[in-house]
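Participant: pasting a predicted model and its sequence here:
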Amino acid sequence: MLVIKRIPIPALIGIVLTMLFVLAAIFAPWIAPHGNAEIVSDVPWEPMSAAHWLGTDNLGRDLLSRMIYGARITLFIAVLATALSFSLGAILGFSAAVFGGWFDTLLSRLVDLLMSIPTLIMALVVLSVLPSNLVTLILVMGVLDSTRVYRLSRAVAVDINVMDYVEAAKLRGEGSGWIIFREILPNALSPLVSELGLRFIYAVLFLSTLSFLGLGVQPPDADWGGMVKENKDGIVFGIGAALIPAAAIAALAISVNLVADWVLNRTTSLKGGRG
Amino acid sequence: MADKQPKPGQPKPGQPKSGVLLDIRNLRIEATVYPPGEAPKNIVLVHDVSLTLEKGKVLGLIGESGAGKSTIGLSSMGYGRGGVRITGGEVILNGRDILKGGNEGFRKLRGREVCYVAQSAAAAFNPAHRLMDQVVEAALLHGTATRAEAEKRAVALFKKLSLPNPENIGERFPHQVSGGQLQRVMTAMALCSEPDLIVFDEPTTALDVTTQIDVLAAIKDAIRDTHVAALYITHDLAVVAQVSDEIMVLRHGRLVEWGGTRQIIKEPRQEYTNALVSVHEIEHQEQKPGTSPFLSVKNITAAYGRSHIKVLKNVSVDIFPGQTLAVVGESGSGKSTLARAITGLLPPEQGTVTFDGRPLANRLADRPKEDLRQLQMIYQMADVAMNPRQTVGTIIGRPLEFYFGMRGRERDKRVAELLDKIEMGKGYVDRYPAELSGGQKQRVCIARSLAAKPKLIICDEVTSALDPLVAHGILELLLGLQKEENVAYLFITHDLATVKSIADSIAVMYRGEVVRYGAKSTVLTPPFDAYTDLLLSSVPEMEIGWLEKAIKGRRMASAGN
């Protein structure tokens, strides 16, 4: 059983922070004091006050409310992109390891090809050509990221695939479905889970970068990276509004990492799913 | 660095007059384990073990895995492997307690007064350096000899250990010599700095039986000629009986019995020692081959990949219902490849496998489920033959589901029956493989193959990784199951003692060919061909003086030499 007392403190901090971000994202319309695009002040960059806890942004919108809505957009896109990159990368990686031969070679060279082009450049080119909406954004992020997941899951599965228990399953006559999902997947889970945390963080950072460059989420909606972009001009006037979304990105990255570390530690023992 | 090694015969400073070299008193060794999700806890590996070793004598430490024999051996050089700590007692070498010397003291001691010969020489040598540089390293480091002196001594040792080209073999890299040779080079490395004590940690265990005998003889001669004392650690009583003056039997970190070699193997006083001594004696009456074999292998030739080297050359054997065919040979003889060809994992290039009068498809993928069910396999390493994330219930239950469509209660009932058959009971259903002992793991693998109700089970070195007593239990279980279920075994092994206790017929393989094949009694009766003779004479017997006799009586040199 999971006892809260036994969770190490760093992991606990990570869990609490991550939960906060997730709750903010889910209940954004109910928590946020103002609407996402609602202009509440005539002056841009109003300082922090009782009415506007984090002040207002470059267009006089309530920064706290935008941060909360921003959490929603950031997390939503990052979660979907990670889910896509994982299902795609892991299934293809495992299949390549199990089937081998030309299938493996073809897929692996294709992935090499994709990986040889810097991800950001590739994303910038693709996104400027395709119509900019959320679906394209998620697809592009997911597919580009899945190459990394493919590499890892293929490497892990190649190791597992030569174990005697997989050979025993093949001798029994099991199909590839059983071999991939029942023999290989449970044993590949712990490296993949820690990778899941890392890839999620990369997705957040990647999304922020794209939005900062203007190719991510389009106004009036904004994720945190977009909010850094909106408010960055204030920095020269000594206004720190851009630092708040930047700090949120950092806090999210660190807290997810802490949780992923802890999960990895708990699952590495070869004791089955119990420990 | 500057101090000179005292001349032989001259006592070292602080050394007692008596001939005692090593005196271990009330040794206690502990380690900390970190069970996941629990607080770390201390476990005691060695409880209060005391021993003394005189100069120039050899003490054999024997016991099954986990007995603490390697841990005790390493403690004589003040070393604890992987977080193992010496927490009590004294280790007195040459009259001083080495545990009090600190790191500086250990550095002076290791490689000079005590040297170590590891089980796997291939893993212990640095592959990037030439052998000679590694052999003389300790002597140079301690400043006991100049490079020229040390190399001269090394060449003399190579000669003594009967290595080929003793003058030039030091120029080679570790991968350029065979496993048996490497083990002898490692012995030369240990002897080169003229230590007082050498710790041999299973030096011949990883070698083929025909190579082991040469290495053993070389080690024995070298020990005798250099008057070095030795701790010889092994799990094989027959081996230790050849080299040691005294034997100490250990179990679970405690001393069981300690005595002269003759007394231990001829008149063991403790029950456990007696069990170790008499372990090989299973009486198995050979069955007459039936009229028609259910599985025949005809003229099979096979190779890996597109290579031109044939791993199997024209191999033919027959297997009769309910009987055991043992395939014997050293590593590289093609015996496991034969199993892979029969199961379809490696489709043969030529030849056929006939099953129940019809040819079996060459490729695994082309065989119907029913054919797959009839041929089951048990592996050498039970640990990796079971998915660590599946419970015993799932592991044994899956073939029932897969072949017979059993579900729910019917399946659970059958799993419980199978667990009873392997003498484990249904309490184990929810265990994971990591929660079983080595012998229990192998039993679960046996149950998994029995679940398919096969006609043939291929046993690939199933007892090689197990301690002798556990292996004995597995062999008895297999024999019992054969009678109950009328299942045939193809038993692949390099261990002739196992063959004698389980086989009905034997095929001796050498370099991909069957060199001798027939009923057990015929194969094991002279006149022998040269290879079978070598193989048979190389199996250590629990007899003092066996080694010398065996070396003298040989007609052919071992291939690993």
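Facilitator: Cool, the structure landed. Numbering: from 1, shown residues only, chains lettered A, B, ... in the order given.

Participant: so who does the most centrally placed residue in chain A touch?
Facilitator: Most central in chain A under C-alpha atoms, centre = their mean is residue A:200, positioned 2.2 Å from the mean C-alpha point. Residues counted as contacts of residue A:200 (C-beta atoms under 8 Å, 6 or more residues apart in numbering or on different chains) are A:78-79, A:82, A:256. Using the backbone N, CA and C atoms, a C-beta is placed for each residue, glycine as well.

Participant: for chain B, state which of those residues is nearest.
Facilitator: The shortest gap between chain B and any of the contacts of residue A:200 belongs to residue A:256, at 22.4 Å (C-beta to the nearest C-beta).

Participant: which element is the closest one on?
Facilitator: helix A:243-267 (DSSP states H and E).

Participant: chain B contacts on the stretch 51-200 of chain A?
Facilitator: A:163-165, A:167-168, A:170-174, A:182-183, A:186-187 (C-beta under 8 Å from any C-beta of the partner chain).

Participant: still on that earlier bit, now pLDDT too, for the contacts of residue A:200, in JSON lines please.
Facilitator: Output for the contacts of residue A:200, formatted as JSON lines (pLDDT from 0 to 100):
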{"residue": "A:78", "pLDDT": "94"}
{"residue": "A:79", "pLDDT": "94"}
{"residue": "A:82", "pLDDT": "95"}
{"residue": "A:256", "pLDDT": "91"}
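
Participant: outline the domain layout of chain B.
Facilitator: By the assignment in automatic domain parsing, chain B contains the domains B:20-277, B:295-525.

Participant: save those as CSV, and put in distance to residue A:192 and mean pLDDT too.
Facilitator: CSV is the format used below for the domains of chain B (distance: least, C-beta to C-beta, whole Å; pLDDT from 0 to 100):
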stretch, distance to residue A:192, mean pLDDT
domain B:20-277, 19, 87
domain B:295-525, 13, 89
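
Participant: can I get those domains in CSV with distance to chain A?
Facilitator: Formatted as CSV, the domains of chain B follow (distance: least, C-beta to the nearest C-beta, whole Å):
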stretch, distance to chain A
domain B:20-277, 4
domain B:295-525, 4
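
Participant: of all those domains, which one is nearest residue A:101?
Facilitator: Of all the domains of chain B, it is domain B:295-525 that lies closest to residue A:101, at 12.6 Å by C-beta to C-beta.

Participant: so residue A:252 makes contact with residue A:205?
Facilitator: No - taking C-beta atoms under 8 Å as the definition, residue A:252 is not a contact partner of residue A:205, at 9.6 Å.

Participant: show me which of these two is the more surrounded one.
Facilitator: residue A:252 (25 against 16; other C-beta atoms under 10 Å in any protein chain shown).

Participant: what's the separation between that one and chain B?
Facilitator: With distances taken as C-beta to the nearest C-beta, to the nearest Å, residue A:252 is found 28 Å from chain B.

Participant: can you count the residues close to residue B:139?
Facilitator: 25.

Participant: next up, the contacts around it.
Facilitator: Residue B:139 sits next to B:145, B:149-150, B:153, B:192-194 when contact means C-beta under 8 Å, 6+ apart.

Participant: gap between residue A:221 and chain B?
Facilitator: 43 Å.

Participant: three-state assignment of that residue?
Facilitator: Of the three states, residue A:221 takes coil under DSSP: H, G, I helix; E, B strand; the rest coil.

Participant: apart from its chain neighbours, what residue comes closest to it?
Facilitator: Of all residues not flanking residue A:221 in the chain, residue A:73 sits nearest, at 5.9 Å (C-beta to C-beta, 6 or more residues apart in numbering or on different chains).

Participant: the one you found touches residue A:222, doesn't it?
Facilitator: Yes - using C-beta under 8 Å, residue A:73 is in contact with residue A:222, at 7.1 Å.

Participant: so for those two, which residue has more residues nearby?
Facilitator: Here residue A:73 and residue A:222 are set side by side on neighbour count (other C-beta under 10 Å), and the busier one is residue A:222, at 27 against 24.

Participant: so how far is residue A:28 from the more buried one?
Facilitator: 13 Å (C-beta to C-beta, to the nearest Å).

Participant: any common contacting residues for these two?
Facilitator: Between them, residue A:222 and residue A:28 share these contacting residues under C-beta under 8 Å, 6+ apart: residue A:69.

Participant: output stretch B:389-405 as PDB - backbone C-alpha positions only.
Facilitator: C-alpha atoms of stretch B:389-405 as PDB (Å, rounded to 0.1, in the frame of the first residue of the first chain):
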ATOM      1  CA  ARG B 389       6.600  -9.800 -14.300                       C
ATOM      2  CA  GLN B 390       4.400 -12.800 -14.400                       C
ATOM      3  CA  THR B 391       3.300 -14.900 -11.400                       C
ATOM      4  CA  VAL B 392       3.900 -18.600 -11.200                       C
ATOM      5  CA  GLY B 393       0.200 -19.100 -11.800                       C
ATOM      6  CA  THR B 394       0.300 -17.100 -15.100                       C
ATOM      7  CA  ILE B 395       3.500 -18.900 -16.200                       C
ATOM      8  CA  ILE B 396       2.200 -22.400 -15.700                       C
ATOM      9  CA  GLY B 397      -1.400 -21.400 -16.700                       C
ATOM     10  CA  ARG B 398      -0.600 -19.900 -20.000                       C
ATOM     11  CA  PRO B 399       0.100 -23.100 -21.900                       C
ATOM     12  CA  LEU B 400      -3.100 -24.500 -20.500                       C
ATOM     13  CA  GLU B 401      -5.000 -21.500 -21.900                       C
ATOM     14  CA  PHE B 402      -3.100 -21.500 -25.100                       C
ATOM     15  CA  TYR B 403      -3.200 -25.200 -26.100                       C
ATOM     16  CA  PHE B 404      -6.300 -26.400 -24.300                       C
ATOM     17  CA  GLY B 405      -8.400 -23.300 -24.000                       C
END
